[in-house]
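Visitor: kindly generate the corresponding structure for this input.
(one chain, ligands or ions: 1)
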Amino acid sequence: MGSTARSSSQWSGSAKGAASSLLHSSPQHTSVQAVSAYAESEFENPPNIFGLTGRSPVMRQLILQMQRMAPRLTLFTLEGEDGTGKTLAARALHANGSAADGPFVPCLASRFFTPSEGGGGARWSTAALEQAHRGMLFLDRVHQLSPDQQDMLADFLRWFDHQPSQASQLELGSQDGEPTPGTGLPAQVAFSSSIPLRKADPPSPFRQDVASRLYAVRFRLPALRERREDIPMLAQTLIQRFSRAYRKTVRGLGPGTIAPLLRHGWPGNVRELDQVITAACLETTSQWIRPIDLPPFSSLIPQSVPLNPGPRGTESTEEPSWNLDAVIRFHVHKVLQHTRGNKLRAAKLLGVSRSTLYRVLAAEPATFATPNHPSPTRNHGTE
Ligand SMILES: Nc1ncnc2c1ncn2[C@@H]1O[C@H](COP(=O)(O)OP(=O)(O)OP(=O)(O)O)[C@@H](O)[C@H]1O
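Guide: Prediction:
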């Protein structure tokens, strides 16, 4: 990619230096050339599984582990905070596993375990099972299950463990490969959880016997703040993704833009980074994202998205933020993303005047400040 006359291999040495200096030194010393080199480099081909990538040791190890284990997985759990890439990881394991020829069927765990949906006394959704026949059923957000639903999950695990092997599944389906009603059987079942299901100190909100079964094979997606060295590469990946999707040429991060990204805490993880990059790509009038193009980060997501509280106390231990300004700004940015930055259309959709929209965007969001990022206005400083 890019219009530079130098090849990426010629750049790779200086790109490596640029990455290191961006991570370890003051942003004021970052040169235009170094940042351009960084954006144009190929990032030394970090391991990649179905678009899930990372160059930090923890991500390298995870991706290699996924590549190694994918062909043999039957039942496993992906654990990590919201937006860390659990769904992407599940898709990657599906694409590289024994059920790759079958469908990938994501389903909220709390919807799957809804007795009425299956009818006929079924304690889980037979429709979802049929859809996922010989593929992967991905039961998302298992930590949100109520105690009754956890009991259903225990029954489901027992049922699944006693099903015939993949080899004999052919006999279960009809001749054209479609399952006959009530006989759908996924080859793989994956679960996701945003919080650890196993607690060292009881009492736990989750049935510990069930958690042990789910943890037999577990992949942990690290929070973005635990692998900051991945931020430049992820930002570049997301910029390229944006450019392709929106057909707008954005080449990379301009001078001074990486520093605020490295300083931020990323409570919303890669999803939040994606939102920030998308908003900046929409905003920029240059081919490079400038600090002034960055939105105030923490306003893009509510500071702490409260989890669905369950009777056994499955709610997040973090204090949820219901700050009205934060919610309004989050919504406004979502609408702006939807209208691809068209403020007139966004104002119409929101049912407000354009000047009101500008006022919301210009407002100083004092309540969104993070300790490391005290003034999240549109201009993130003068670096
Ligand atoms: N390592 C990565 N490389 C590229 N994109 C990533 C990576 N991790 C996550 N993403 C992107 O970040 C966004 C959030 O990822 P995903 O939906 O998989 O997270 P999640 O953990 O399942 O979130 P939630 O628990 O809130 O459902 C997606 O757009 C995904 O493509």
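
Visitor: so where do the helices sit in the stretch 1-150 of the chain?
Guide: Using DSSP state H, counting those that start in this stretch, the helices of the stretch 1-150 of the chain run over residues 8-24, 32-40, 57-69, 86-95, 109-112, 115-118, 126-131, 147-161.

Visitor: next one: the stretch 201-350 of the chain
Guide: Under DSSP H, counting those that start in this stretch, the stretch 201-350 of the chain gives helices at 208-214, 231-246, 258-263, 269-283, 324-338, 343-350.

Visitor: still on that earlier bit, lowest average pLDDT across the helices of the stretch 1-150 of the chain?
Guide: Of all those, helix 8-24 carries the lowest average pLDDT, namely a mean of 33.

Visitor: tell me the pLDDT at the residue lying closest to Q208 once chain neighbours are set aside?
Guide: Using C-beta to C-beta, 6 or more residues apart in numbering and skipping residues adjacent in sequence, the residue nearest Q208 is R198, 6.6 Å away. (Glycine included, C-beta is placed from N, CA and C.) pLDDT, R198: 85.

Visitor: give the contact list for R198.
Guide: 204, 206, 208, 211-212, 215 (C-beta atoms under 8 Å, 6 or more residues apart in numbering).

Visitor: and the residue of the protein that's closest to the ligand?
Guide: G85 (2.7 Å; C-beta to the nearest ligand atom).

Visitor: measure how buried that residue is and give me the count.
Guide: 24 (other C-beta atoms under 10 Å).

Visitor: surely T84 touches R225?
Guide: No: using C-beta atoms under 8 Å, T84 makes no contact with R225, being 10.5 Å away.

Visitor: can you redo the helices of the stretch 201-350 of the chain as a markdown table with mean neighbour count and mean pLDDT?
Guide: Shown next, in a markdown table, are the helices of the stretch 201-350 of the chain (neighbours: other C-beta atoms under 10 Å; pLDDT from 0 to 100):
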| stretch | mean neighbour count | mean pLDDT |
| --- | --- | --- |
| helix 208-214 | 16 | 94 |
| helix 231-246 | 18 | 94 |
| helix 258-263 | 20 | 93 |
| helix 269-283 | 22 | 93 |
| helix 324-338 | 17 | 72 |
| helix 343-350 | 16 | 83 |
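
Visitor: so can I have CSV of the ones you listed showing distance to the ligand?
Guide: Below are those laid out as CSV (distance: least, C-beta to the nearest ligand atom, whole Å):
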stretch, distance to the ligand
helix 208-214, 16
helix 231-246, 5
helix 258-263, 15
helix 269-283, 4
helix 324-338, 12
helix 343-350, 21
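
Visitor: in TSV: these, plus distance to A128.
Guide: Below are the helices of the stretch 201-350 of the chain laid out as TSV (distance: least, C-beta to C-beta, whole Å):
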stretch	distance to A128
helix 208-214	18
helix 231-246	29
helix 258-263	39
helix 269-283	24
helix 324-338	28
helix 343-350	33
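
Visitor: to N48, which of the ones you listed lies closest?
Guide: helix 231-246 (9.5 Å; C-beta to C-beta).

Visitor: what does this structure have sitting close to the ligand?
Guide: Contact residues (C-beta under 6 Å from any ligand atom) of the chain with the ligand: 51-54, 80, 82-88, 194, 234, 237, 270-271, 274.

Visitor: I figured S98 was touching A187, is that so?
Guide: Yes: if you go by C-beta under 8 Å, S98 and A187 touch, sitting 6.1 Å apart.

Visitor: who has more neighbours out of the two?
Guide: A187 (22 against 17).

Visitor: coming back round to it: and the pLDDT at the residue of the chain closest to the ligand?
Guide: 96.

Visitor: can you pull the contacts of it?
Guide: The contact partners of G85, taken as C-beta under 8 Å, 6+ apart, are 52, 221, 269-270.

Visitor: hmm, try it at 6 Å
Guide: Residues in contact with G85 (C-beta atoms under 6 Å, 6 or more residues apart in numbering) are 52, 221, 270.

Visitor: and A128, by the same measure?
Guide: 107, 112.

Visitor: and for V276?
Guide: F297.

Visitor: one more time with 8 Å
Guide: 261, 294-295, 297, 300 are the contacts of V276 under C-beta under 8 Å, 6+ apart.

Visitor: farthest-apart pair in those residues, please.
Guide: The widest separation within the contacts of V276 (C-beta to C-beta) is 12.8 Å, between L261 and L300.

Visitor: which member of the contacts of R198 is positioned nearest M136?
Guide: Among the contacts of R198, Y215 lies closest to M136 (C-beta to C-beta), at 18.6 Å.
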